[in-house]
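Asker: Sequence first, then the predicted structure:
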Amino acid sequence: MRLSRYPINTLKEVPADAEVVSHRLMLRSGMIRRLAAGLYTWLPLGLRTLHKVERIIREEMDRAGALECIMPTVQPAELWKESGRWSKYGPELLRFKDRHEREFAYGPTHEEVITDIARRELRSYKQLPVNFYQIQSKFRDEIRPRFGVMRAREFLMKDAYSFHADEASLAQGYRAMFDAYTRMFTRMGLNFRAVQADGGSIGGSVTQEFHVLAESGEDAIAFSSEDDYAANVETARALPPREPRPAAAQAMRKVATPGVHTIAELSAFLKVPASACVKTLLVEGSAGEVVAFVVRGDHELNAVKAQKLPGVANPLRMASAARVREATGADPGSIGPVGFEGTVYVDHAAAQLGDFVCGANEADMHYVGVNWGRDLPEPLREDVRNVQPGDPSPSGRGTLRIARGIEVGHIFQLGQLYSEAMNASVLDEAGKALTMYMGCYGIGVTRVVAAAIEQNHDDQGIVWPEPLAPYQVLVLPLNYQKSSQVQSCADRLYEDLAATGIEVMLDDRDARPGVKFADADLIGIPHRIVIGERSLAQGRVEYRHRRDAQSAEIAIAEALPHLEARIER
RNA sequence: CGGGGCGUGGCGCAGCCUGGUAGCGCACUUGCAUGGGGUGCAAGGGGUCGGAAGUUCGAAUCUUCUCGCCCCGACCA
């Protein structure tokens, strides 16, 4: 490609709303442009990278035996009503009517459609297992789209669905997808981890996420220091403390704590560590009442764990200040479990405390020296907190550390969730109906591109992992318009490289060197050849890899073999 | 949805408080110079200030309504 014929500008300045590096760099380098909230156009440069991601995905899916198909983005409401998700999915599902007033949705995912295909086409256990996949647009009406294509409303997804005669086959198919994902992300040159996950609204029990590790990631991942245990903090188990609860040493007393509302203030005011205090949080129950959660002052409530407990509204909703007042007689900031009427779930660590501090359900008052079993009933213990760095690993070996990740893939063993609801069965060996077992496997294709940039950039711009770079080589002639030697050398090299099948971009613009260098770094093409009059007089050109600090001079005749030896294909 | 903020040439912003008919940087066009890390000089094109209503002799500026967007929290590839 000749850059002089590429009309998309690189930008020095960037829209004020672009916050994360990948978004900024994608805008600045001319990969994408925003159309509306959460909607992006992929310009030619960006599309090349997107296609590379797609190609790797296709190759590995095909290698794993999956079959590509493509389903409509627009889906009839009937299917969603059948699976029960028309009412469950909520406002994230974009719904609309056609001219005949029939209801449709723009697909946020395709379990219903594929299950419909499966139940129509699959008749016999002999046709199983089978795995269908597609790479296609999804729309999820996110509450808050942000970070460019990282969390867009319309995005490209690879989704795959497998069908099996039994659980063993499902586990095998799932494993095959795990391996395929591992190969894909490895081939893309990404630093990633597979982690244990929560099923969320898709459902299913066995499930793992693939995360690209990056500071800007929206998810927290817990890792064991000693083995390969890794889990999303949403789901990572906090082990109950081993030590027995210390015996009560103090009597319970009510103390005045004027103006104290947070654990930090409480801890500073009473000069006790936050870990000796207890935090009480009220959430909406499933039957109109409120439910209390008690965690240690230095711990955080884990919403995913909490909302699974009996009597708790799912999704979790914090009680309003008015509801808190109604239930306890005090404002949030002064509430506690002593005398609370209703369900109280207590985190293991909080249940282990003796002589602790908590709110007294009275403005500006707290209790100190509180003890379970004496001052209030023995607690209903549950794991309801987020794990923290230093916690023992649930795997039993090592302690946990926490890193951030961007979720680029998620695989599930769904079991018979959808096949049962939608009656998807085949005949087994005995001629009896057998409800199929399903797995589903997603990759956020557009998100992968953003994640790759989050992980691979420097102050100057993108540093593409070679397999994802829009072009492999950039030929950068200086003074191309004025020097006929430079021009003919650049043109020849460009043609030769292209003829060899190398993806090459030629910066033939009439621009100053500084502009070309800055754009080269911004766009991040891995291999760069600079052709300038100075070294050309010596019969040489300069080679530099985007990752290198220094360039090296090579003979013109060596340029092509030099590149061929270095390009990773 | 709850809380905060912003809408002024393509982008980044100033002007608004204290009404007087719109300005700066980048980008763009033309010319000259320059030519190894976002070059310099000169000339130019482009906005009616998100929209509507109102107050006023006069509104980007004040008032009301409305639309859109962004940021912080609960969702997901």
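Answerer: That came through, no problem.
Asker: which other residues reach the helix or strand hosting residue A:283?
Answerer: In this assignment (DSSP states H and E), residue A:283 forms part of strand A:278-284. Defining contact as C-beta atoms under 8 Å, 6 or more residues apart in numbering, one finds that strand A:278-284 is touched by A:263, A:290-297, A:299, A:301, A:306, A:312-313, A:316-319, A:323-324, A:327-328, A:332, A:335-337, A:340, A:350, A:353, A:356-359, A:370. For glycine as for every other residue, the C-beta is placed from the backbone atoms N, C-alpha and C.
Asker: Which ones among those residues also lie next to RNA strand B?
Answerer: A:316, A:317 (C-beta under 7 Å from any atom of the strand).
Asker: So among the contacts of strand A:278-284, which ones count as buried?
Answerer: Using 16 or more other C-beta atoms under 10 Å as the burial test, the contacts of strand A:278-284 include A:263, A:290-297, A:299, A:301, A:306, A:312-313, A:316, A:319, A:323-324, A:327-328, A:332, A:335-337, A:340, A:350, A:353, A:356-359, A:370 as buried.
Asker: Out of those residues, list just those in helices.
Answerer: A:263, A:306, A:323, A:324, A:327, A:328, A:350 (DSSP state H).
Asker: Kindly indicate which of the residues you listed lies nearest residue A:117.
Answerer: residue A:306 (37.3 Å; C-beta to C-beta).
Asker: what's the closest non-adjacent residue to the residue in chain A positioned nearest to RNA strand B?
Answerer: Nearest residue of chain A to RNA strand B, counting by C-beta to the nearest atom of the strand: residue A:532, 1.9 Å away. For residue A:532, ignoring the flanking residues on the chain, the nearest one in space by C-beta to C-beta, 6 or more residues apart in numbering is residue A:478 at 4.2 Å.
Asker: And for residue A:378?
Answerer: Leaving aside its sequence neighbours, residue A:378 sits nearest to residue A:372 (C-beta to C-beta, 6+ apart; 5.8 Å).
Asker: in the sheet, who's paired with that neighbour?
Answerer: residue A:376 (DSSP bridges).
Asker: wait, it sits on residue A:350?
Answerer: No. Residue A:372 lies out of contact with residue A:350 (C-beta atoms under 8 Å); the separation is 9.0 Å.
Asker: give the contact list for the residue of chain A closest to RNA strand B.
Answerer: Residue A:532 makes contacts with A:477, A:478, A:479, A:486, A:542, as judged by C-beta under 8 Å, 6+ apart.
Asker: Would you mind checking those for buried ones?
Answerer: Neighbour-count burial (16+ other C-beta under 10 Å) applied to those gives A:477, A:478, A:486, A:542.
Asker: where does chain A have low pLDDT?
Answerer: A:199-204 (pLDDT under 70).
Asker: name the element the most centrally placed residue in it belongs to?
Answerer: The C-alpha lying nearest the average C-alpha coordinate of chain A belongs to residue A:407 (C-alpha atoms, centre = their mean; 1.9 Å). Secondary structure from DSSP H and E places residue A:407 in strand A:400-415.
Asker: Spatially nearest residue to residue A:422 (excluding sequence neighbours)?
Answerer: Residue A:422 sits nearest to residue A:115 (C-beta to C-beta, 6+ apart), 4.8 Å away.
Asker: Tell me how many other residues surround that neighbour.
Answerer: The number of residues packed near residue A:115 is 25, by other C-beta atoms under 10 Å.
Asker: I figured it was touching residue A:419, is that so?
Answerer: Yes. Counting by C-beta under 8 Å, residue A:419 is a contact partner of residue A:115 at 6.2 Å.
Asker: shared neighbours of those two, which are they?
Answerer: In contact with both residue A:115 and residue A:419: residue A:438, using C-beta under 8 Å, 6+ apart.
Asker: just the strands in the stretch 451-569 of chain A please.
Answerer: Under the criterion DSSP state E, counting those that start in this stretch, the stretch 451-569 of chain A carries strands at the ranges A:457-458, A:461-462, A:473-477, A:504-506, A:527-531, A:540-545, A:552-555.
Asker: Summarise which helices and strands the second one is packed against.
Answerer: When you say that, I think you mean strand A:461-462. Secondary-structure packing of strand A:461-462 (3 or more C-beta pairs under 8 Å, 6 or more residues apart in numbering; DSSP states H and E): helix A:21-28, helix A:513-523.
Asker: Name the surrounding residues that touch it.
Answerer: Contacting residues not belonging to strand A:461-462 are listed as A:25, A:28, A:29, A:453, A:456, A:521, A:522, A:523, A:524 [C-beta under 8 Å, 6+ apart].
Asker: Tell me which stretches of the stretch 351-500 of chain A form helices.
Answerer: Under the criterion DSSP state H, counting those that start in this stretch, the stretch 351-500 of chain A contains helices at A:417-421, A:445-455, A:484-499.
Asker: Could you export those helices as CSV, including distance to residue A:3?
Answerer: CSV is the format used below for the helices of the stretch 351-500 of chain A (distance: least, C-beta to C-beta, whole Å):
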stretch, distance to residue A:3
helix A:417-421, 49
helix A:445-455, 20
helix A:484-499, 11
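Asker: ranking those by burial, who's on top?
Answerer: Mean neighbours per residue, mean count of other C-beta atoms under 10 Å, is largest over the helices of the stretch 351-500 of chain A for helix A:445-455, with a mean of 27.
Asker: now for that one, which elements pack on it?
Answerer: Helices and strands touching helix A:445-455, by 3+ C-beta pairs under 8 Å, 6+ apart, are helix A:21-28, helix A:44-63, strand A:154-164, strand A:206-213, strand A:400-415.
Asker: Is RNA strand B within reach of it?
Answerer: Yes. Counting by C-beta under 7 Å from any atom of the strand, RNA strand B is contacted by helix A:445-455 at A:446, A:447.
Asker: how many other residues sit next to residue A:78?
Answerer: 13.
Asker: Helix, strand or coil: sort out the closest residue to residue A:364 other than its chain neighbours for me.
Answerer: Nearest residue to residue A:364, sequence neighbours excluded (C-beta to C-beta, 6+ apart): residue A:258, at 4.9 Å. Per DSSP: H, G, I helix; E, B strand; the rest coil, the local secondary structure of residue A:258 is coil.
Asker: pretty sure residue A:258 is touching residue A:365, no?
Answerer: No. The pair residue A:258 / residue A:365 is not scored as a contact, 9.3 Å apart, by C-beta under 8 Å.
Asker: neighbour count winner among those two?
Answerer: Each of residue A:258 and residue A:365 has its neighbours counted (other C-beta under 10 Å); residue A:365 has more, 17 against 8.
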